[in-house]
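Colleague: Quick one: sequence and predicted model below, then my questions.
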Amino acid sequence: MEKPCTLLVHFDKGTPAMANEIKEALEGSDVAAKVDAMKRAIMLLLNGETLPQLFITIVRYVLPSEDHTVQKLLLFYLEIIDKTDARGRVLPEMILICQNLLNNLQHANEYIRGVTLRFLCRISEPEILEPLIPSVLTNLEHRHPFIRRNALLAISSIYRLPNGEQLLPDAPELVEKALSSEQDASARRNAFLMLCNCSQDRAVAYLLSNADRVPEWPDLLQMAVVDLIRKVCRANRPDKGRHIKIIISLLNSPSTAVVYECAGALVSLSSAPTAVRAAANTYCQLLSSQSDNNVRLIILDRLNELRKSHREVMSEVVMDVLRALSSPNPDVRRKVLDIVLDLVSTKNVDEVVLFLKKEVVKTQAAGESDKDAGGEYRQMLVQAIHACTIKFPEVAGSVVHVLMDFLGDSNVASAIDVVIFVREIIETNPKLRVSMIQRLIDTFYQIRAARVCSCALWILGEYSLSLSEVEAAISTIKQCVGELPFYSATEDVEPTAESTKQPHAVNSSVTTSSRRPVVLADGTYATQSAASEAAGVGPSVLPGSLSSIPNLRSLILSGDFFLAAVVASTLTKLVLRLEEVQPAQAETNKACSAALLVMVSMLQFGQSGFAPHPIDDDSYDRIVLCVRLLCNTGDEVRKVWLESCRQSFAKMLAEKQFRETEELRAKAQISHAQPDDLIDFYHLKSRKGMSQLELEDEVHDDLKRATGEFTKDADDASRLNRILQLTGFSDPVYAEAYVTVHHYDIVLDVTIINRTKETLQNLCLELATMGDLKLVDRPQNYTLAPESSRQIKANIKVSSTETGVIFGNIVYETSNVMERNVVVLNDIHIDIMDYISPATCADVTFRNMWAEFEWENKVAISTVIQDEKEFLEHIIKSTNMKCLTPPSALEGDCGFLAANLYAKSVFGEDALVNISVEKQADGKLSGYIRIRSKTQGIALSLGDKITLKQKGGDR
């Protein structure tokens, strides 16, 4: 059977010591050899050896030693040896030890007394402790604080033993008396903790009688005071007003640990705005004063908890929280922005946006060494400003022009966020359209990323409305495309081996091809060949260095024909709009001819041998369509190109805003009070002797009772669903477990009932786990009376998102039969659904993760459900995931459906699911569900869950 252990020492099993060697060393006179021998003996005992022959040797040769190290090791030895026999009675030889301990407690050396008193804290045998009690009490009045503080610890440990009150009946009175006269900080803390644990009323009385002097107490004692107030106020809520005053007085303590604990205690004990405001201000002060990033992250977690329950108060300290952006740590910055964005209101939005705008400008001054970090930080700031302008469009005008300077940012992700922000603002803020188009035309030549160029071209094509804007946009695109054609016509006629090889060699340095499969917006697979974002070098026949080549030209020469198709589409829209606003037909024809020349040149370059790779069919068809359209334009086609595209974008933004509004409504939790709940009228209460804080606290407590927040217990039905039967009704021992999952912990509350007429002895619940689960507690033995029950708790740690299994048995003995009986328990399967929760991410992020993640689990669809949307809803409900595909994309009835699902685990793992389902002619559904994740466990577990649940019905 496992025994309790109070000492752990590393032991090198490769060099075991022999008992006779240890004995010889102990019998010698060399102190260093004795110390080494005692250490080896202790390590052997800790690793299961008994060494009974050493006890007498140690009594004869080690006990008389005056060396402090030897005496300390002797106490360690006495701590770990067996002091009782098989029946639990103290061994007779322990009398020798008692006499030695008594001598040590009266020793002239303070160190010997102190370590002996500390040793007594780990002794639980009353027969050993009883003769030592008078000497322990005598040490309470010793002149040295080291002895007094250890004497207080020993008294506290002895008093908390099962028979402690008989050994020390007047311990609380003695400790209280010692506390009143004690000056040492550690001794006072030990005495106060003893009163808190053993005589709480005395501790509270002492605290209230010294309430005015608490701020002057040492920080060790102040921490103990905060813990006591937490316990007292939870047990006796009506009396918490006086204690909260003490907590508030401690907020000015010079110790940051005390201040942090006080702020947490204040929030947990009171909902009054004054208390919450004081706690929030305290957290903000700690946030600005602490330089450790881990501390800052913890404080931000506390502020985030306050944000969820006290939004009004937290909105007052938004600017204080924003100052933490001075930290260079990206995790701190990200958390700060997440908190602030949820607290932005009409009162503080101007200040917040102005602060973020200044931070964006600061990132420009970052040196080359901080280029990557600055780009990531700038991207976070752009996304934050974007979110603010969506909520409050009126502030967009103050920031959009500053952000447009970053369209040419070397950090592509940051530049993409800026251009998406510009695209949305130009649609939702018509007043800014003219200035934004002009600014975009002026800065377009600085853009070096293909995706940013594509989006900027779309904006120019859709929102250039006036004659001057259209002409300026066409002129800018022509300048960025450069001189035509893209290669020498003479070399196209007779390309030599060297002339054709040279462009390929040059371009190979700037073009990277990714052949990994990617998932498209409709859920299908495609092989993507992507050109690098850096500017490429064109064929050698073209003059100019790398820096002098315009951005569109360099990207097209590097083989980005998708961008070429976007250029063609934009020119087509601009020419069609020019026909409407330009009265001179000759100018329109001239612009149309120039546009056609650009398109034809791109087609020729794509089909020539100078391109890094031939033009793809999609881009070719798109450019040819634009050529045909400009040659023969109809009214219906004109309407599609000039109106429908923008209308679709406006509809997409409206749907996005509607979805976000619906999500906010779904998050709002409404509490209801029961019809027969007591209503306590605040205005009829006596206010005599109550402070403003106490009044506010009473009001908020009454409001919580009225709205049912004090009674928001878990649903009884859901609790019953988590009760698992572990044994059968016919077994002599019945067991059932209530499973609670707390993120990283699983708590099993097992109820065991003895259904026999006999007393069950040494009953033990033995558990084992499979998967990434680990038992925390060692099993203990219990004695169960006939027809009685017992609650046993087992804690299990979880280290990853993976379906785990807990299995085990109950072992017990009866008085009649000496052999052990075993009852095998049913297995407990830990569901992966307890670890994952729905989450959202951008489409671009989803595709990037889909391409990066290595583990894929492909599940064939096999279900009795015959409707595609019904099947999708069933999978979403069964897997606890969120559908990223917007409802508008799932509308219609075409017999095919593709959707992306996303969830995040409590360990930060991402779970990606793509559903592609098709309705067959016979009405059945077919297709595949693909699951991807970074780890194997979540992919396999989620696949098993889907396979089990996809049939449909109530299974």
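Modeller: On my side now, so go ahead.
Colleague: if I pick A33, what's in contact with it?
Modeller: A25 (CB atoms under 8 Å, 6 or more residues apart in numbering). Where C-beta positions appear, they are placed from N, C-alpha and C, glycine not excepted.
Colleague: again with L174
Modeller: Contacts of L174 (CB under 8 Å, 6+ apart): L137, L140, I155, L168.
Colleague: and what of F406?
Modeller: V360, R378, V382, S414, A415, V418.
Colleague: Tabulate the residues you listed (JSON lines), appending pLDDT.
Modeller: Formatted as JSON lines, the contacts of F406 follow (pLDDT from 0 to 100):
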{"residue": "V360", "pLDDT": "85"}
{"residue": "R378", "pLDDT": "85"}
{"residue": "V382", "pLDDT": "86"}
{"residue": "S414", "pLDDT": "82"}
{"residue": "A415", "pLDDT": "86"}
{"residue": "V418", "pLDDT": "87"}
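Colleague: Pick the one among those closest to T840.
Modeller: Of all these, T840 sits closest to V382, with 18.5 Å by CB to CB.
Colleague: In space, what's closest to that closest one - neighbours in sequence excluded?
Modeller: Computed as CB to CB, 6 or more residues apart in numbering, the closest residue to V382 that is not its neighbour in sequence is D417, at 4.4 Å.
Colleague: ok, that neighbour touching H386?
Modeller: Yes: shown here, D417 and H386 form a contact pair, counting by CB atoms under 8 Å, at 6.9 Å.
Colleague: Neighbour count: those two, which is higher?
Modeller: D417 (24 against 21; other CB atoms under 10 Å).
Colleague: send the alpha carbons of the strand or helix carrying that one over as PDB?
Modeller: Applying DSSP states H and E as the criterion places D417 in helix 412-428. Provided in PDB are the C-alpha atoms of helix 412-428 (Å, rounded to 0.1, in the frame of the first residue of the first chain):
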ATOM      1  CA  VAL A 412       1.900  42.000 -46.900                       C
ATOM      2  CA  ALA A 413      -0.600  41.000 -44.200                       C
ATOM      3  CA  SER A 414      -0.700  44.500 -42.800                       C
ATOM      4  CA  ALA A 415      -1.200  46.000 -46.300                       C
ATOM      5  CA  ILE A 416      -4.000  43.600 -47.100                       C
ATOM      6  CA  ASP A 417      -5.800  44.600 -43.900                       C
ATOM      7  CA  VAL A 418      -5.500  48.300 -44.900                       C
ATOM      8  CA  VAL A 419      -6.800  47.800 -48.400                       C
ATOM      9  CA  ILE A 420      -9.800  45.700 -47.100                       C
ATOM     10  CA  PHE A 421     -10.500  48.500 -44.600                       C
ATOM     11  CA  VAL A 422     -10.400  51.100 -47.400                       C
ATOM     12  CA  ARG A 423     -12.700  49.000 -49.500                       C
ATOM     13  CA  GLU A 424     -15.300  48.700 -46.700                       C
ATOM     14  CA  ILE A 425     -15.100  52.400 -45.700                       C
ATOM     15  CA  ILE A 426     -15.500  53.700 -49.200                       C
ATOM     16  CA  GLU A 427     -18.700  51.800 -49.500                       C
ATOM     17  CA  THR A 428     -20.100  52.700 -46.100                       C
END
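Colleague: Mind listing residues that contact that helix?
Modeller: Here helix 412-428 has contacts from 375-376, 378-379, 382-383, 385-386, 389-390, 393, 396, 400, 403-404, 406-409, 432-433, 436-437, 440, 447, 449, 451-452, 455-456, 458-459, 463, 533, 646, 649-650, 653, 844, using CB under 8 Å, 6+ apart.
Colleague: Swap in 7 Å and give it another go.
Modeller: With CB atoms under 7 Å, 6 or more residues apart in numbering as the test, helix 412-428 has contacts from 375, 378-379, 382-383, 386, 389, 393, 396, 400, 403-404, 406-409, 432-433, 436, 449, 451-452, 455-456, 459, 463, 533, 649-650, 653.
Colleague: Mind checking which of those residues are buried?
Modeller: Neighbour-count burial (16 or more other CB atoms under 10 Å) applied to these gives 375, 378-379, 382-383, 386, 389, 396, 400, 403-404, 406-409, 432-433, 436, 449, 451-452, 455-456, 459, 463, 533.
Colleague: Just the mean pLDDT for stretch 35-44, thanks.
Modeller: Average pLDDT, stretch 35-44: 86.
Colleague: distance between that stretch and the chain's centre?
Modeller: Relative to its chain's centre, stretch 35-44 lies at 45 Å (CA atoms, centre = their mean, to the nearest Å).
Colleague: So which bits of it are buried?
Modeller: V35, A37, M38, K39, R40, A41, I42, M43, L44.
Colleague: which among the residues you listed gets closest to L578?
Modeller: M43 (90.2 Å).
Colleague: Go ahead and confirm that closest one touches V9.
Modeller: Yes: contact criterion CB atoms under 7 Å: M43 and V9 qualify, at 5.7 Å.
Colleague: Could you check what's spatially nearest to T935, not counting adjacent residues?
Modeller: In space, T935 is closest to E909, 6.2 Å off (CB to CB, 6+ apart).
Colleague: pLDDT wise, what is that neighbour at?
Modeller: On the pLDDT scale, E909 gets 83.
Colleague: and what of C631?
Modeller: 87.
Colleague: quick one: it and V600, what's the gap?
Modeller: 11 Å (CB to CB, to the nearest Å).
Colleague: So these two - more neighbours on which side?
Modeller: A count of neighbours by other CB under 10 Å puts V600 above the other of C631 and V600, at 16 against 9.
Colleague: Can you read off the pLDDT for the more buried one?
Modeller: Looking at V600, the pLDDT reads 93.
Colleague: what's the closest non-adjacent residue to it?
Modeller: V627 is the one closest to V600 (CB to CB, 6+ apart), at 7.0 Å.
Colleague: what's the answer for L337, then?
Modeller: Excluding the flanking residues, the one nearest L337 by CB to CB, 6+ apart is A384, at 4.7 Å.
Colleague: same question, Q222
Modeller: V258 (4.6 Å).
Colleague: and if you look at E852?
Modeller: Using CB to CB, 6+ apart, the closest residue to E852 is K934 (7.8 Å).
Colleague: Could you give the number of residues near that neighbour?
Modeller: 16.
Colleague: residues in contact with it?
Modeller: Contacts of K934 (CB under 7 Å, 6+ apart): F853, E909, D910.
Colleague: export those to TSV and tack on distance to T783 and secondary structure?
Modeller: Below are these laid out as TSV (distance: CB to CB, whole Å; DSSP: H, G, I helix; E, B strand; the rest coil):
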residue	distance to T783	secondary structure
F853	53	coil
E909	44	coil
D910	50	strand
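Colleague: out of those, who has the most neighbours?
Modeller: With neighbours taken as other CB under 10 Å, the top of the contacts of K934 is D910, carrying 22 neighbours.
Colleague: hang on, the earlier thing: using the three-state scheme, assign the residue nearest to V600.
Modeller: Three-state call for V627 (DSSP: H, G, I helix; E, B strand; the rest coil): helix.
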